[in-house]
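J.: Any chance you could fold what I've pasted below:
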Amino acid sequence: MKTVEELEPFFQTTLLEDLKPLEDRRKRLFGFLVLGTLGLFGALTAVFVLYARYDLDDMVPVSAVMAFGLIVGLGIHFFPKNTIRGYKSIVIPGVLSFLDESYRYAGDRHVPKSQFVGSRLFRREPNDFEGSDLVSGTRGSASLRFSYVDARYDIHAHKASETWTRTKYLFEGIFFVVDFGEKRKGKTIVLPDALEGWLGWFGKKIQALDIRWGRQMKMEDPAFEKRFEVYSDEPDASRRILTSSLMQRLTRFRNEARRDVHLSFVNSRMVVAVSHNKHFLEPSIFRSILRFKPVRQYYEDIVLVLGIMDELTPKRRGQGRDRKDGTADQWTRKGTNLFNASRYPEAVEAYSKAITANPRHATAWFNRGVVHRKTGNQGRAMEDLKAAAKLGHPKARELLKPQEKEQDAAMVTKKGEVIAFCEDVEGNCYWKYKGYAWYQSLNPASIRKVGPVDDFLRQVQAGEIHAVMMDDWLE
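T.: Residues are numbered from 1 along each chain as shown. The predicted structure is shown next:
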């Protein structure tokens, strides 16, 4: 995919010459506005001086001034419409041709309201829904359409015998709709995280109470968690969609572009809504039409969505089971190499790709569970280990089998630090605190000191306490 750095030379050499006549028109209009404003101010000043000095009652001077002001206002209101249409008819097709000649552009059309409401991204249905600049096309096996959208809703209030209505913005920006043609399980909603940024921990708790979008999920990427909140009714399916690289892509866009992003995945459709304060592709009379910034913003939005499409579009659909297994094996080996290099988030992503390639790959499920255990994510670890056990993985079954008291289980690294926690499905665990090993039982709830960590490790090595060596378990 071509970069923003490649777009700027294209803009300078291809689009700039076509935009210069529009810039000349803008300058003429701006000069007319300045002269008209000065003339109107002078005329008003003269009228007030005459009225004050001669006590005139004739309304002719006032009418003349009002007529002159009306002419200036109409010129400002209507003349730029042609300039705006001309600007967009040059810039948008030009950007699309830079990307792909096959995209189609319709300036007077927009994404339908039904798809906006069906995205489930917004709590209200808009009363007013407008838009323009529809672009449609395909990328691989997926179809894509997007346009500018301006959606607003009304708030009605009653006081005594009076009723008043106030219109508020629901969304304004570029609205993308992608159809992959392949139904995905569950519903995933990704929203900008406003409350946590304002209220911190308390804001996060408030968000967790909102179940209109589904259950709130906690993601492994701290930077992503700071910027976004995720809701889902199928957490496993959502985690397969929101890979580590996809979360990094969204976080990087939000930090660099400073624009809010909303996403939803419902059935076969993905929706991405990128917020803008106004229609940034409509030039202002007060600023140069030759600026590169609005063109760059438009291109950045498109590149973000195309990158997400590339990540989510299956590249080996329709191939045989052996090829799937081969791909899953490759990702599993890569995950193990990443784990050995202590690159745990990337290892989880590699195992997730192996599972996507072959959902019945028991080793990938098991290894991902082991990585989750090592990083302290016990809930996810238990889910993955149970999936591996259902697929017949022997070590997963052994880990999930309740242990006798004399065979308390723990995980230790080769460096001798107690890092693993869950003994069995009930969550009994060993942990380290101030040089001592402690045993915590959840049912019944109790905590007892086992002894110094060195003594505990000697018991593990002597087999007096059954322990799972992390590196020995990973396949």
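J.: Which secondary structure state does residue 120 sit in?
T.: Remark: residue 120 carries the secondary structure label coil [criterion: DSSP: H, G, I helix; E, B strand; the rest coil].
J.: Compute the distance between it and residue 179, please.
T.: 15 Å (C-beta to C-beta, to the nearest Å). The C-beta positions use only the backbone N, C-alpha and C, and glycine is treated the same way.
J.: Low-confidence ranges, the stretch 1-150 of the chain, go.
T.: Low-confidence segments of the stretch 1-150 of the chain, defined by pLDDT under 70, are located at 40, 44, 47-48, 50-80, 101.
J.: would you list every one of the strands in it?
T.: Counting by DSSP state E, counting those that start in this stretch, the stretch 1-150 of the chain forms strands over residues 104-106, 128-139, 142-159, given from the N-terminal end onward.
J.: low-scoring pLDDT stretches of the stretch 351-475 of the chain, where are they?
T.: Low-confidence segments of the stretch 351-475 of the chain, defined by pLDDT under 70: 401-434, 438-448, 460-475.
J.: Tell me where it has helices.
T.: Defined through DSSP state H, counting those that start in this stretch, the helices belonging to the stretch 351-475 of the chain, from first to last, are 362-374, 378-390, 394-400, 453-461, 470-473.
J.: rewinding a little: out of the strands of the stretch 1-150 of the chain, nearest to residue 458?
T.: Between residue 458 and the strands of the stretch 1-150 of the chain, the tightest spacing by C-beta to C-beta is seen for strand 142-159, at 58.2 Å.
J.: Return the set of buried residues in that closest one.
T.: Of the residues in strand 142-159, those buried under the neighbour-count criterion (16 or more other C-beta atoms under 10 Å) are 142, 144, 145, 146, 147, 148, 149, 150, 151, 152, 153.
J.: Got the phi and psi for the nearest residue to residue 89 once chain neighbours are set aside?
T.: On the basis of C-beta to C-beta, 6 or more residues apart in numbering, the spatially nearest residue to residue 89 that is not a chain neighbour turns out to be residue 107, at 6.5 Å. Comment: the main-chain dihedrals of residue 107 come out as phi -70, psi -30, following degrees, to the nearest 10.
J.: What's the local residue count around residue 107?
T.: Other residues within reach of residue 107 by the criterion other C-beta atoms under 10 Å amount to 15.
J.: hang on, isn't it packed against residue 87?
T.: No. The pair residue 107 and residue 87 fails to qualify as a contact (C-beta atoms under 8 Å) at a distance of 10.8 Å.
J.: my guess is residue 152 contacts residue 170, does it?
T.: Yes. Checked against C-beta under 8 Å, the pair residue 152 and residue 170 is within contact range at 5.8 Å.
J.: and for those two, which residues touch both?
T.: Between them, residue 152 and residue 170 share the neighbouring residues residue 126, with contact defined by C-beta atoms under 8 Å, 6 or more residues apart in numbering.
J.: Now stretch 386-398: buried residues?
T.: For stretch 386-398, the buried set under the neighbour-count rule, 16+ other C-beta under 10 Å, comprises 386, 387, 388, 389, 391, 393, 395, 396.
J.: which one of these sits closest to residue 37?
T.: Of all the buried residues of stretch 386-398, the one with the least separation from residue 37 (C-beta to C-beta) is residue 387, at 70.8 Å.
J.: give me the number of residues near the spatially closest residue to the closest one that is not a sequence neighbour?
T.: With C-beta to C-beta, 6+ apart as the measure, residue 365 is the residue that lies nearest to residue 387, at 4.5 Å, once sequence neighbours are left out. In terms of burial, residue 365 registers 26 neighbours under the definition other C-beta under 10 Å.
J.: What separation is there between residue 365 and residue 348?
T.: With distances defined as C-beta to C-beta, the gap from residue 365 to residue 348 amounts to 12 Å.
J.: what about the strands of the stretch 1-150 of the chain, which gets the closest to residue 192?
T.: Once C-beta to C-beta is applied to these, the stretch that comes out nearest is strand 142-159, at 16.1 Å.
J.: need the next SSE after that closest one, C-terminal direction.
T.: Scanning forward in sequence from strand 142-159 by DSSP states H and E, the next helix or strand is strand 162-179.
J.: Could you list the alpha-carbon positions for stretch 118-138 in CSV?
T.: Extracted as CSV, the C-alpha positions of stretch 118-138 are listed here (Å, rounded to 0.1, in the frame of the first residue of the first chain):
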residue,chain,number,x,y,z
GLY,A,118,-27.2,-1.2,11.9
SER,A,119,-23.6,-0.6,13.0
ARG,A,120,-24.8,-0.5,16.6
LEU,A,121,-22.1,2.1,17.4
PHE,A,122,-24.4,4.8,18.6
ARG,A,123,-27.0,4.8,21.3
ARG,A,124,-29.5,7.0,19.5
GLU,A,125,-31.1,6.9,16.1
PRO,A,126,-30.5,10.2,14.3
ASN,A,127,-33.4,12.5,13.4
ASP,A,128,-31.3,14.3,10.7
PHE,A,129,-29.0,12.3,8.5
GLU,A,130,-27.1,13.8,5.7
GLY,A,131,-24.0,13.0,3.7
SER,A,132,-22.0,13.2,0.5
ASP,A,133,-19.0,11.9,-1.5
LEU,A,134,-19.8,8.2,-1.6
VAL,A,135,-16.9,6.0,-2.6
SER,A,136,-17.4,2.3,-3.4
GLY,A,137,-15.2,-0.6,-4.6
THR,A,138,-13.7,-3.9,-3.6
